[in-house]
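> After the sequence you'll find the predicted model.
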Amino acid sequence: MPELPEVETVRRGLAPHLIGRRLVRVAMNRPDLRFPLPEGFVQRLTGARVTGLTRRGKYILAALDRDETLVMHLGMTGRFVVEAEGVSDTPGEFALAAPADPKHAHVIFETDGGGALTYFDARRFGFMDLIETAGLESHPRFAAMGPEPLGDGFDAAYLARAFAGRRQGPKTLLLDQSVVAGLGNIYVCEALHRARVSPLRPAANIGPRARAALVRSIRAVLEEAIAAGGSTLRDYASVEGSMGYFQHDFQVYGREGQACPNARCGGVVTRLVQAGRSTFHCPVCQR
């Protein structure tokens, strides 16, 4: 499933085509994705102007001038293709790794700028919803969500409170969206390795220096991944259709049996399973 960097990459690619634009035509080619599309979906969106495009965790939020927000989640295979004739400085000509199959073109947004944004989702694990903007933060999807890892609310002091008294390992807690929003398996593995923190150590036993290092590592790995356009795992592609290159910088993820890249470590990357997810780490330098 796309993690925060992939979702942020898509958001940034969509922004020039949506912010300030009016949706002059909306088409839905099926009544549901992962969940049924909201009642009156087409009518509520047609004619609405997008006043902002933000991200919360793994969600893309399009604020509308009708006091509603279009909430979009990409699931595992959701992607947007943007067609904007005559525009050269924004995504408009695509070279997808695999052609987008028209039978998976589920939702189409056409704007007053002449652009068309088509949502494709082969496995239909993504979804869209319309939520009253004023009640967005208290909505069940967002009410219990933790702070953004790149925001001011996420720091060593917050992590100390989140880890206090917890016997679970740090990876389990960091994947919990109520602890911190948007993190996923790949980048948590990478951040723990950079901070040299073991995924097996009880979170309550992680000291102040290690917590501070972990916060720095989480921020760094996310910022680098966003700059690179995310990872290229599975079917994910950025909004332009181009694939990201951060996977070439993975230090431990998917590198089971390879030498730890940390200088003078001498360890070998090991894979173990935690809560049904693969964890890659170096048992020598991650303590």
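That came through fine.

> What pairs with the worst-scoring helix or strand of the chain on mean pLDDT, parallel or antiparallel?
Least confident helix or strand of the chain, by mean pLDDT, DSSP states H and E, is strand 78-83 with a mean of 86. Sheet pairing of strand 78-83 (DSSP bridges) gives strand 116-121 (antiparallel).

> Provide the strand pairings for the very next helix or strand once past the strand it pairs with, with the direction of each partner.
The helix or strand immediately downstream of strand 116-121 is strand 127-132, counting by DSSP states H and E. With DSSP bridges as the criterion, the sheet partners recorded for strand 127-132 are strand 68-73 (antiparallel).

> Identify the residues contacting the strand it pairs with?
By C-beta atoms under 8 Å, 6 or more residues apart in numbering, the residues outside strand 68-73 that reach it are 34, 44-45, 48, 50, 58-64, 78, 119, 126-133, 136, 141. Using the backbone N, CA and C atoms, a C-beta is placed for each residue, glycine as well.

> Work out the gap between the longest helix belonging to the chain and the centre of the chain.
Counting residues, the longest helix in the chain under DSSP state H turns out to be helix 208-228. Average the C-alpha atoms of helix 208-228, do the same for its chain, and the two points are 16 Å apart (C-alpha atoms, centre = their mean, to the nearest Å).

> Equivalent analysis for stretch 276-287, please.
For stretch 276-287, the separation from the chain centroid amounts to 22 Å (computed by C-alpha atoms, centre = their mean).

> Same question for stretch 23-39.
On the basis of C-alpha atoms, centre = their mean, stretch 23-39 is displaced by 22 Å from the centre of the chain it belongs to.

> How about stretch 201-209?
The mean C-alpha position of stretch 201-209 is separated from the chain mean by 26 Å, C-alpha atoms, centre = their mean.

> List the buried residues for that stretch?
Applying a neighbour-count criterion of 16 or more other C-beta atoms under 10 Å, the buried positions in stretch 201-209 are 201, 203, 206.

> Show the buried residues in the contacts of strand 68-73.
The neighbour-count test (16+ other C-beta under 10 Å) marks 44-45, 48, 50, 58-64, 78, 119, 126-131, 133, 136 as buried among those.

> on that earlier part again, which among the buried residues of stretch 201-209 gets closest to A227?
Taking C-beta to C-beta as the measure, I206 is the one of the buried residues of stretch 201-209 closest to A227, at 27.8 Å.

> can you pull the contacts of the closest one?
Contacts of I206 were listed using C-beta under 8 Å, 6+ apart, and they are 163, 170, 197, 214.

> Just the ones in helices from those, please.
In helices, defined here by DSSP H, the members of the contacts of I206 are 163, 170, 214.

> wait, isn't the first one in contact with G207?
No. Applying C-beta atoms under 8 Å, one finds F163 not in contact with G207, separated by 10.2 Å.

> Quick one: list the elements packing against the longest helix of the chain.
With contacts defined as 3 or more C-beta pairs under 8 Å, 6 or more residues apart in numbering; DSSP states H and E, the secondary structure elements packing on helix 208-228 are helix 4-18, helix 156-163, helix 185-195.

> ok, R124 - contacts?
Taking C-beta under 8 Å, 6+ apart as the definition of contact, the neighbours of R124 are 32-34, 75, 106.

> Greatest separation within these: which pair is it?
Greatest spatial distance among these (C-beta to C-beta): D32 and G75, at 12.5 Å.

> Which of these two has more residues huddled nearby?
Neighbours around D32 and G75, counted as other C-beta atoms under 10 Å, are more numerous at G75. The numbers are 19 against 12.

> Tell me how far that one lies from R201.
When C-beta to C-beta, to the nearest Å is the yardstick, G75 and R201 sit 32 Å from each other.

> thinking again about what came up before, inside strands: which ones of the contacts of R124?
If you go by DSSP state E, those have H106 in strands.
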